[in-house]
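Novice: Just need the structure, nothing else, for what follows:
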Amino acid sequence: VFLILCSPHLHHDHFLHPDVWRLLCGRLVCLDVKDCFCCSLLIYNFRIFERRFGTRKFASFLLGTWCFSALTDFVLVQAFQHLFDYEVEELPAGLLAPVFSLFVPFYLSIPRMPVTQILGHIHITNKSLVYIVGLQLLTSSPFMWLLALSGLVSYHQS
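Specialist: Residues are numbered from 1 along each chain as shown. Next up is the predicted model:
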């Protein structure tokens, strides 16, 4: 997409092409209400990284992860189709891959604080709700795991 937009021979028709707009908007706007709610809740919980890194660095991280995950999504879909001979009709829409990429620094840098125990064996921590919402988001669509994998891969590239 950026090659098309940054091309010196950019034609007005390419920029107005519906596939370009669908690709850009599909990566930003959640179409499923449940995915939008879970994604918003996770972004709210990951706001600690904005305070740690600053708004500019956090926004550039999200933009870089968003761009790289778009490319990674395309590669993963092509690999999935080639390996399993199954066509991926459509991926879930939204800012999902950057949200999944934030689980890496969340796991690595946020300390686990015990809150309570259930039945004496199950420990509930300050991170439990975030992981439960992430699992809910991961299981909300058949191909959501492709976006999660894309987000995890794009974290290491950003």
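Novice: Mind giving me the packing neighbours of the lengthiest helix in the chain?
Specialist: Identified as the longest helix of the chain according to DSSP state H is helix 55-84. If contacts are counted by 3 or more Cβ pairs under 8 Å, 6 or more residues apart in numbering; DSSP states H and E, helix 55-84 sits against helix 47-53, helix 96-101, helix 144-157. All C-beta spots, glycine's among them, are computed from the backbone N, C-alpha and C.
Novice: among these, which is nearest Leu71?
Specialist: When the helices and strands packed on helix 55-84 are compared by Cβ to Cβ, helix 144-157 sits nearest Leu71, at 8.4 Å.
Novice: The longest helix of the chain vs helix 144-157, what angle?
Specialist: Relative orientation of helix 55-84 and helix 144-157, computed by axes from the mean of the first three to the mean of the last three Cα atoms, to 10 degrees: 130 degrees.
Novice: Show me which positions of helix 55-84 end up buried.
Specialist: 58, 61-62, 64-70, 72-73, 76-77 (16 or more other Cβ atoms under 10 Å).
Novice: Contacts for stretch 121-137, please.
Specialist: Residues outside stretch 121-137 that contact it (Cβ atoms under 8 Å, 6 or more residues apart in numbering): 34-35, 38-39, 41-42, 45, 96, 99-100, 103, 106, 110, 112-118, 144.
Novice: residue ranges with poor pLDDT in the protein?
Specialist: 1-28, 157-158 (pLDDT under 70).
Novice: Spell out the secondary structure type for the most far-flung residue of the chain relative to its centre.
Specialist: Farthest-out residue of the chain from its mean C-alpha position, per Cα atoms, centre = their mean: Gly120, at 34.7 Å. Under DSSP: H, G, I helix; E, B strand; the rest coil, Gly120 falls in the coil class.
Novice: ranking the helices and strands packed on helix 55-84 by burial, who's on top?
Specialist: helix 96-101 (a mean of 27; mean count of other Cβ atoms under 10 Å).
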